[in-house]
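[1] From the sequence below, what's the structure:
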Amino acid sequence: MKSLLRTFVSVAILLGVWQLVYIVGIVPEKYFPSVLSLLAAFWQMLMSGELAKGELMTFSRAALGLSAASLLGVTLAILADLYPVFGRGFRYISDVLQPIPPAAVVPMAVFSLGLGIKLYAFVIILVTVWPAYMNGVAALSSVSPVQLAAGRSLGCSRLELLRHIKLPAAMPEIFTGIRYAATIALIAVIVSEMLAGRDGLGFMIFKKAFANRTPEVFALMFVVAINGVALNALVNGLRWLVTGWHIRMMERTE
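    Residues are numbered from 1 along each chain as shown. Okay, the predicted model is just below:
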């Protein structure tokens, strides 16, 4: 509840500053519309059904891509922990692929994968998998040696140590990586829709920007920001379900 209230307060402050800049006239009205113009543009797109369709496409792509990338990233981190040879070899691959931005991937992916779900899945997973993987590797390798020694003294195998000790201890940090990946997933979707899409919020922003419909463009930018907040809320909810014990323990120590 407090988090939701802070979000509303932050949005209210942002809109207030926005309106103040508009009133002062620092930027020409043609390129910086008032808050009322943004709300009117938002309402018009909502009533026409255009916004709902674009929102559904963008959010579903981001959520599904984030889920697939997070699952793949955690799986790769587990393999790197179980098999150090794999971890050392895959580290060089991650060092090469991790810095690639979404915009650099889309043009060639269009030629090889075409326009459609395969393109979005490839781009999103390629640029989103790394936070979960990197945080997973770091978290699994930093589990307390005392905990591992206790597990071995009880006769736990490597897989049992991973399941009962390492993964529970690493999950809070893994979810930190997934929260960061949520932002990257949304950016990847918007960029892909702008460069090679036929629908979605990114395509709408691109189309309306070239039509010089400034209020609609800024309204859509706010909608994208809300999508980021929603994705983070979903990740936080899942984090609470999986690692609620850790959150409660941290609250007691504060």
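[2] Excluding chain neighbours, what is closest to Val106?
    For Val106, the nearest residue in space outside its immediate sequence neighbours is Leu195; the separation is 4.5 Å by Cβ to Cβ, 6 or more residues apart in numbering. Bear in mind the C-beta positions are built from the backbone N, C-alpha and C, glycine included.
[3] same for the strand or helix carrying the one you found, what does it pack against?
    Using DSSP states H and E, Leu195 sits within helix 167-196. Helix 167-196 is packed against helix 50-82, helix 102-113, helix 117-141, helix 201-210, helix 214-253, with contacts defined by 3 or more Cβ pairs under 8 Å, 6 or more residues apart in numbering; DSSP states H and E.
[4] what about the second one, average pLDDT?
    Confidence over helix 102-113 (mean pLDDT, whole number) is 79.
[5] Just the CA atoms of that helix, as CSV, please.
    Listed next in CSV are the C-alpha coordinates belonging to helix 102-113 (Å, rounded to 0.1, in the frame of the first residue of the first chain):
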residue,chain,number,x,y,z
PRO,A,102,18.4,-4.2,-29.0
ALA,A,103,18.6,-1.8,-31.9
ALA,A,104,21.7,-3.5,-33.2
VAL,A,105,20.0,-6.9,-33.2
VAL,A,106,16.7,-6.1,-34.9
PRO,A,107,17.8,-5.3,-38.5
MET,A,108,19.6,-8.6,-39.1
ALA,A,109,17.0,-10.6,-37.1
VAL,A,110,14.3,-9.3,-39.5
PHE,A,111,16.1,-10.9,-42.4
SER,A,112,16.7,-14.2,-40.7
LEU,A,113,13.5,-14.6,-38.6
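[6] okay, the angle between it and helix 167-196?
    Orientation check (axes from the mean of the first three to the mean of the last three Cα atoms, to 10 degrees): helix 102-113 against helix 167-196 gives 70 degrees.
[7] same check, this time on the longest one
    With the same axes, to 10 degrees defining the directions, helix 214-253 sits at 180 degrees from helix 167-196.
[8] mind listing what's buried in helix 214-253?
    214-220, 222-224, 227, 230-232, 235-236, 239, 243, 246 (16 or more other Cβ atoms under 10 Å).
[9] Next: the first one.
    The neighbour-count check on helix 50-82 (16+ other Cβ under 10 Å) flags 51, 54-55, 57-59, 61-66, 68-70, 73-74, 76-78, 80-81 as buried.
[10] packing partners for that helix?
    Judged by 3+ Cβ pairs under 8 Å, 6+ apart, helix 50-82 is in contact with helix 35-48, helix 84-97, helix 117-141, helix 167-196, helix 201-210, helix 214-253.
[11] ok, 10 Å please
    With contacts taken as 3 or more Cβ pairs under 10 Å, 6 or more residues apart in numbering; DSSP states H and E, helix 50-82 sits against helix 35-48, helix 84-97, helix 117-141, helix 158-161, helix 167-196, helix 201-210, helix 214-253.
[12] Please apply the same query to the fourth one.
    The helices and strands touching helix 201-210, judged by 3+ Cβ pairs under 10 Å, 6+ apart, are helix 35-48, helix 50-82, helix 167-196, helix 214-253.
[13] Can you give the distance of the second one from its chain's centre?
    Taking the mean of its C-alpha atoms, helix 50-82 sits 8 Å from the chain's own mean (Cα atoms, centre = their mean, to the nearest Å).
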